[in-house]
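Engineer: Compute the structure for the input listed below.
(one chain, ligands or ions: 2)
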Amino acid sequence: MHPLQCVLRMQRCQSWGPLASVSWVLLRTCRAHSGLPSTACSSPERQQEDGVWKDFSSRLATGPTFQHFLRHASVPQEKPSSEVDDPPPYLTVDELSGRQRKVYLETYGCQMNVNDTEIAWSILQKSGYLRTSNLQEADVILLVTCSIREKAEQTIWNRLQQLKVLKSKRLRSRVPLKIGILGCMAERLKEEILNREKMVDILAGPDAYRDLPRLLAVAKSGQQAANVLLSLDETYADVMPVQMSPSATSAFVSIMRGCDNMCSYCIVPFTRGRERSRPVASILEEVRKLSEQGLKEVTLLGQNVNSFRDTSEVQFNNAVSTNLSRGFSSNYKTKQGGLRFAHLLDQVSRIDPEMRIRFTSPHPKDFPDEVLQLIHERDNICKQIHLPAQSGSSRVLEAMRRGYSREAYVELVHHIRESIPGVSLSSDFIAGFCGETEEDHFQTVSLLQEVQYNMGFLFAYSMRQKTRAYHRLKDDIPEEVKLRRLEELITVFREEATKANKAFVGCTQLVLVEGLSKRSATDLCGRNDGNLKVIFPDAEMEDVTNSGLRVRAQPGDYVLVKDFSLHQ
Ligand code: 5AD
Ligand code: SF4
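Structural biologist: Numbers count the residues shown, from 1 in each chain. Ligands and ions are numbered 1, 2, ... in the order given. The predicted structure follows:
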């Protein structure tokens, strides 16, 4: 092995751009990746379609109104994926079909939305739609949206203005462009979107993606259609998401949906509904398939991923209930029984020891010792924990209804670090929450200094209607103060992350190769166990699994990057 010069850059840590001395060995080569189904195809038989749709339009003219869809649309529950939904009385199976119309999907917001986009696409693909990555040739444009902050919604309103131009150009076309708003914004604003933007044709809330073929069929006749019903049990357990990138080394697997925490600032319980978990068996089946396809990393997803509780079988209710993290409480009555997160994590991590397991986004209250122990013991569970603190002030935490004090949170951090030596920690913080004083803000600054997170996500508070804070508290911190405090938090976070991430220097890092670096064609990029982005030269190296043969690393290979040192 030859020591080589390379760069290791830590994500979100601009002030630190070290040059490093590195040598490496290839641990294993990747297996074949599964391909995406082709999106290229011949155009639909438009003439025949025209007749069918005229007939359909006349039937609809005396049929249901938009209000009908809001009130009566139901979300069909779990069906085997091969089964086609029965059409409603006013549609034939043929009318329900996508007939090779091309769909362009655009995703905003969190990783749940990335996974939801794959679910929505999987449903549409089965219904006869094709996928396009070219906006100009799309027959249907679907935006998978986010509502968490005002800014996220403003981005969508702006995008709709651009799409309006595209749509008006297509007005006289035989296949007019249809536009849909999916996800959290559809759920939060409902008809308001249709009233404000007449060019929007369909709305589908996060629990209504199975209904997309019907909504699009109705929209094709020129009517607006919506389904924003939330479900108590929809988990899309039987819908195998279609991976966007055929060369991907990692995938998201949704394990639960919704949130019962009701933090006072948060819109999520209103847009994504109540907590419900997917049956363990269906999760294991999906992870097994991904492993067979050669994927090397799975991220278990959920709004409260570690509150996972599978109650799908009666005997699971006798399972021993797990404790909350020490010093933490929840806003709801303790839920008894069900297979919990530790059980799932254990089972998932046994499927393929070469497959890395991550999970996000957790709540600090649900880290009982058995979860920490498992992360410590199991080699393929990444030693990386996201621990959203939101504030360093116990007073603000109480106003946020987070269910813990600063002291309990700090104690948990110590306990995690003792239980999982070398663990990477990340967090979310909100600057300028209702009533936050300079002293409260200083407490957050001091928490950042005390914990020294490896990664962080920091936001200015954005008041959301419907939330408890909207009804009971006053959004009284001026915008400029929020932004100033946010800037201060970002500066302190960066300084501390730089210090924390220097601890990786000089240690051997196991990096999962993702592909060529975006910054340089001669470098590769990948992630270490702690989820930090590592960039290193694309050079020949020793393959330790193949009697020392010299090879170039490929996406999906693990590479040992060692002898790392900082050059200022
Ligand atoms: N304003 C600002 N940030 C918010 N978050 C959630 N709701 C709001 C809000 N109303 C942040 C929290 C959460 C992350 C996903 O987004 O920090 O953990
Ligand atoms: Fe945005 Fe939250 Fe909805 Fe994700 S769940 S898209 S973060 S509002």
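
Engineer: Check the average confidence over the helix or strand containing Asp428, would you?
Structural biologist: Assigned by DSSP states H and E, Asp428 falls within strand 424-431. For strand 424-431, mean pLDDT is 98.

Engineer: List the contacts of the residue found closest to Ser405 once you drop the neighbours it is linked to in the chain.
Structural biologist: Excluding the flanking residues, the one nearest Ser405 by Cβ to Cβ, 6 or more residues apart in numbering is Ser394, at 4.2 Å. To be clear about C-beta, it is placed using only N, CA and C from the backbone, and glycine gets the same treatment. Ser394 makes contact with Ser405, Arg406, Glu407, Gln443, according to Cβ atoms under 8 Å, 6 or more residues apart in numbering.

Engineer: quick check: angle from the helix or strand hosting the last one to strand 424-431?
Structural biologist: Gln443 belongs to helix 438-451 when elements are defined using DSSP H and E. Here the directions of helix 438-451 and strand 424-431 differ by 170 degrees (axes from the mean of the first three to the mean of the last three Cα atoms, to 10 degrees).

Engineer: one step back: now the residue nearest to Ser405, what are its backbone angles?
Structural biologist: phi -60, psi -30 (degrees, to the nearest 10).

Engineer: do the same with Glu234
Structural biologist: Per degrees, to the nearest 10, the backbone of Glu234 is at phi -70, psi 120.

Engineer: Quick check, it in contact with Asp207.
Structural biologist: Yes. Look at Glu234 against Asp207 with Cβ atoms under 8 Å: they come within range, at 4.4 Å.

Engineer: Next, give phi and psi for the one residue in the stretch 251-400 of the chain that gets nearest to ligand 2.
Structural biologist: For the stretch 251-400 of the chain and ligand 2, the shortest gap (Cβ to the nearest ligand atom) falls at Val268, measuring 4.6 Å. Backbone torsions of Val268, given as degrees, to the nearest 10, read phi -50, psi -40.

Engineer: For the nearest residue to it once chain neighbours are set aside, list the residues it contacts.
Structural biologist: The spatially closest residue to Val268, leaving aside those adjacent along the chain, is Cys259, at 4.9 Å (Cβ to Cβ, 6+ apart). Residues in contact with Cys259 (Cβ under 8 Å, 6+ apart) are Cys266, Val268, Pro269, Arg272, Arg274, Glu275, Gln303, Asn304.

Engineer: go on, Ile385?
Structural biologist: For Ile385, the contacting residues are Pro362, Phe367, Ile375, Ile416, Ile420, Val423, Ser424, Leu425, Ser426, by Cβ under 8 Å, 6+ apart.

Engineer: Distance check, the last one against Val492.
Structural biologist: Ser426 is 15 Å from Val492, where distance means Cβ to Cβ, to the nearest Å.

Engineer: neighbours around Val93, how many?
Structural biologist: Neighbours of Val93 under the rule other Cβ atoms under 10 Å: 10.

Engineer: Surely it touches Gly128?
Structural biologist: No. In this structure, Val93 is not within contact of Gly128 by Cβ under 8 Å, at 10.3 Å.

Engineer: Low-confidence regions, the chain specifically.
Structural biologist: Low-confidence segments of the chain, defined by pLDDT under 70: 1-85, 244-247, 319-322, 563-568.

Engineer: Pull up the residues of it that are close to ligand 2.
Structural biologist: 109-110, 112-113, 146-148, 183-184, 267-268, 271-272, 303 (Cβ under 6 Å from any ligand atom).

Engineer: give me the subset of the residues you listed touching ligand 1.
Structural biologist: Applying Cβ under 6 Å from any ligand atom to the residues of the chain next to ligand 2, those adjacent to ligand 1 are Ile148.

Engineer: any idea which of the residues of the chain next to ligand 2 is closest to Arg472?
Structural biologist: Ile267 (15.2 Å; Cβ to Cβ).

Engineer: Against ligand 1, how distant is Asp369?
Structural biologist: Distance of Asp369 to ligand 1, given as Cβ to the nearest ligand atom, to the nearest Å: 24 Å.

Engineer: Excluding chain neighbours, what is closest to that residue?
Structural biologist: Nearest-residue entry for Asp369: Ser419, 7.2 Å, with adjacent residues in sequence omitted and distances by Cβ to Cβ, 6+ apart.

Engineer: Check the gap between that neighbour and ligand 2 for me.
Structural biologist: Ser419 is 29 Å from ligand 2, by Cβ to the nearest ligand atom.

Engineer: count of residues packed around that residue?
Structural biologist: 15.

Engineer: Then Ala500?
Structural biologist: Ala500: 19 surrounding residues under other Cβ under 10 Å.

Engineer: if I pick the residue positioned nearest the centre of the chain, what's in contact with it?
Structural biologist: Residue closest to the mean C-alpha point of the chain, counted by Cα atoms, centre = their mean, is Gln111 at 1.3 Å. Listed by Cβ under 8 Å, 6+ apart, the contact set of Gln111 reads Phe252, Thr299, Leu301, Thr360.

Engineer: show me where the stretch 401-550 of the chain has strands.
Structural biologist: With strands called from DSSP state E, counting those that start in this stretch, the stretch 401-550 of the chain shows them at 424-431, 455-460, 509-516, 523-527, 533-537, 540-543, 549-552.

Engineer: Now tabulate those strands in a markdown table and tack on mean neighbour count and distance to ligand 1.
Structural biologist: As requested, these are exported to a markdown table (neighbours: other Cβ atoms under 10 Å; distance: least, Cβ to the nearest ligand atom, whole Å):
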| stretch | mean neighbour count | distance to ligand 1 |
| --- | --- | --- |
| strand 424-431 | 22 | 3 |
| strand 455-460 | 20 | 4 |
| strand 509-516 | 20 | 24 |
| strand 523-527 | 22 | 21 |
| strand 533-537 | 22 | 20 |
| strand 540-543 | 18 | 38 |
| strand 549-552 | 12 | 38 |
